[in-house]
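[1] structure, please.
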Amino acid sequence: MWNWKQIAALVPPSAREEVDWAACLDAFPQLEQAKTTPQDPVYHAEGDVWTHTQMVVRELLADADYALLTRQERETVFLSALLHDVAKCSTTEVDASGRISQPGHSRRGAIDARLMLWEVGAPVDQREAICRLIAVHQVPFFAFGHSRRGVAPEFLVRELSWQVDLHLLAMLARADIRGRICPDVGKVLVDIELFRELALEEGCLRAPRRFASAETAVRYFRGAELHPDYALHEEPGSRVIVMCGLPAAGKNRWVAQHHGGLPVVSFDDARAELGLRHGENEGAAAHRAVDKAKGLLRAKAPFVWNATHLSKQMRGKTLDLCLAYGAQVELVHVEASKSVLLARNSRRDTTLSNAALLRMLPRWEVPLPTEAHGLRLLVNE
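    Residues are numbered from 1 along each chain as shown. Purely as a prediction, here's the structure:
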């Protein structure tokens with residue numbers, strides 16, 4: 001079993017050192033499937049995903065900016081390049097005409113990488129930096145003129161600067177387009193450079209774009225038409241701490257230690273009050289918890305919302321409600337190692353089995369800084 005120290009040792013300091021490809025495959029066995037995963041020959045005439053991955057990594061190492069990075073930055077961008085297409089093997093589709101596509105491979109790849117790096121004990125902040133780069137690695141390709149989300153390049157640059165280091169993202173994108181055989185390499189490289197130049201103009205190439213206030217940032221990222229430099233008027237509301245994390249990660253303990261005096265909205269408590277088992281009549285439990293939250297929000301009282309909130313979609317419902325009442329929301333994500341998590345769950349008085357807990361892992365999306373007024377990522381061992 002590989003550990004993080006061994007994984008980090010795979011990262012070459014420059015293009016002068018060879019990549020140990022056999023060790024990379026041993027460390028991340030899912031990459032073995034890349035050898036037999038086909039790609040669209042129009043955009044990947046080089047062939048299978050593993051061939052492309054090796055080409056991308058070599059291009060990254062040859063980038064003049066690579067040797068200028070800190071050791072941690074090299075680890076982050078190297079592993080992002082190595083794993084950027086790791087989910088193509090599980091998302092490949094071939095239509096009736098024989099065209100190959102891998103829809104959603106970036107988002108799926110971020111989750112796959114998270115699980116692999118979690119198991120080897122990667123530091124949580126660095127792990128998430130890698131996963132976020134994987135999730136958006138193609139965005140600079142499409143930022144100008146044909147953004148898939150239909151938003152302005154300025155918005156993309158400002159938003160992404162809160163999620164990733166845009167200098168590293170531009171390096172990864174350059175390596176990705178150079179590390180393939182396709183007809184539009186030159187045009188895409190121009191778009192990536194325009195993306196980078198816009199980040200420089202916005203003052204956010206290596207740091208989050210500055211906003212007049214946290215409220216301004218939250219509303220802007222949720223689509224409000226306003227300018228980052230002018231503060232949005234803030235109506236006083238509840239201060240809400242929204243807990244996130246897998247079951248048995250230690251959320252209850254953290255709340256008791258740090259906010260024991262605050263009211264708590266909890267789906268688990270709602271289930272217990274209704275006499276329900278985990279997974280039984282979730283609608284009734286949710287309704288009870290939401291009613292309690294609405295009462296606290298109307299009273300503008302501070303409270304903790306304690307639930308797994310495992311995916312962005314699950315968090316979205318809670319955040320929508322809190323922000324509709326003008327609340328100030330801090331997301332607190334708590335996690336533990338796999339062994340600690342399963343051991344704790346086995347000792348808990350719960351109807352959730354370890355097998356059921358493990359089935360939740362493919363939905364594990366760690367929160368982004370753009371989702372709320374604040375974010376903390378904590379390890380509770």
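[2] can I assume Val265 sits in a strand?
    Yes. Per DSSP: H, G, I helix; E, B strand; the rest coil, Val265 lies within a strand segment.
[3] right, and it touches His309 too?
    No. Applying CB atoms under 8 Å as the test, Val265 and His309 come out as separate, 11.6 Å apart. Any C-beta I mention is one placed from the backbone N, CA and C, and that applies to glycine too.
[4] any idea how many residues pack against Ser311?
    If you count neighbours by other CB atoms under 10 Å, Ser311 ends up with 17.
[5] for it, grab phi and psi.
    In terms of degrees, to the nearest 10, the main-chain angles of Ser311 are phi -110, psi 160.
[6] please enumerate the strands of this protein.
    Under the criterion DSSP state E, strands of the chain are mapped to 93-94, 100-101, 239-244, 264-266, 303-306, 328-335, 374-379.
[7] can you list the domains in the protein?
    4-201, 239-379 (automatic domain parsing).
[8] so where's the stretch 201-350 of the chain uncertain?
    Where the stretch 201-350 of the chain drops to pLDDT under 70, the residues are 274-283.
[9] how does it look with 50?
    Nowhere does the stretch 201-350 of the chain drop to pLDDT under 50.
[10] which residue ranges of it form helices?
    Counting by DSSP state H, counting those that start in this stretch, the stretch 201-350 of the chain has helices at residues 214-221, 251-259, 267-274, 282-298, 312-324, 338-347.
[11] closest one to Asp125 among these?
    Among these, helix 251-259 comes nearest to Asp125, with 17.6 Å by CB to CB.
[12] check which helices and strands that closest one sits against.
    For helix 251-259, the packing partners by 3 or more CB pairs under 8 Å, 6 or more residues apart in numbering; DSSP states H and E come out as strand 239-244, strand 303-306, strand 328-335.
[13] chain center to the longest one: distance?
    This means strand 328-335. 14 Å (CA atoms, centre = their mean, to the nearest Å).
[14] against which helices or strands is it packed?
    Right, strand 328-335 is packed against helix 214-221, strand 239-244, helix 251-259, helix 312-324, strand 374-379 by 3+ CB pairs under 8 Å, 6+ apart.
[15] same list (these) but as TSV, adding distance to Met360.
    TSV is the format used below for the helices and strands packed on strand 328-335 (distance: least, CB to CB, whole Å):
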stretch	distance to Met360
helix 214-221	27
strand 239-244	13
helix 251-259	14
helix 312-324	11
strand 374-379	18
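[16] about what we covered before: I'd like the strands of the chain written out as JSON lines, with mean neighbour count and distance to Leu166 added.
    What follows is these, written out as JSON lines (neighbours: other CB atoms under 10 Å; distance: least, CB to CB, whole Å):
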{"stretch": "strand 93-94", "mean neighbour count": "10", "distance to Leu166": "31"}
{"stretch": "strand 100-101", "mean neighbour count": "16", "distance to Leu166": "27"}
{"stretch": "strand 239-244", "mean neighbour count": "24", "distance to Leu166": "25"}
{"stretch": "strand 264-266", "mean neighbour count": "22", "distance to Leu166": "36"}
{"stretch": "strand 303-306", "mean neighbour count": "25", "distance to Leu166": "32"}
{"stretch": "strand 328-335", "mean neighbour count": "22", "distance to Leu166": "22"}
{"stretch": "strand 374-379", "mean neighbour count": "16", "distance to Leu166": "18"}
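[17] quick one: which of these is nearest Met116?
    Across these, closest to Met116 is strand 328-335 (CB to CB), at 14.8 Å.
[18] ok, residues contacting that closest one?
    Applying CB atoms under 8 Å, 6 or more residues apart in numbering, the contact partners of strand 328-335 are 118, 124, 214-215, 218, 237-246, 249-251, 254, 309, 315, 319, 322-323, 341, 366-367, 371-380.
[19] just stretch 189-207 next, same as before
    Outside stretch 189-207, the residues that reach it (CB under 8 Å, 6+ apart) are 140-144, 153-154, 156-158, 161, 165-167, 170, 173-174, 177-178, 209-210.
[20] can you do 7 Å?
    140-141, 143-144, 153-154, 157-158, 161, 165-167, 170, 173-174, 177, 209-210 (CB atoms under 7 Å, 6 or more residues apart in numbering).
[21] so which of the residues you listed sit within helices?
    Secondary structure from DSSP state H places 140-141, 153-154, 157-158, 161, 166-167, 170, 173-174, 177 of the contacts of stretch 189-207 in helices.
[22] drop anything exposed from these.
    Using 16 or more other CB atoms under 10 Å as the burial test, the ones in helices among the contacts of stretch 189-207 include Pro140, Phe141, Pro153, Val157, Arg158, Ser161, Leu166, His167, Ala170, Ala173, Arg174, Ile177 as buried.
[23] thanks a lot, see you next time.
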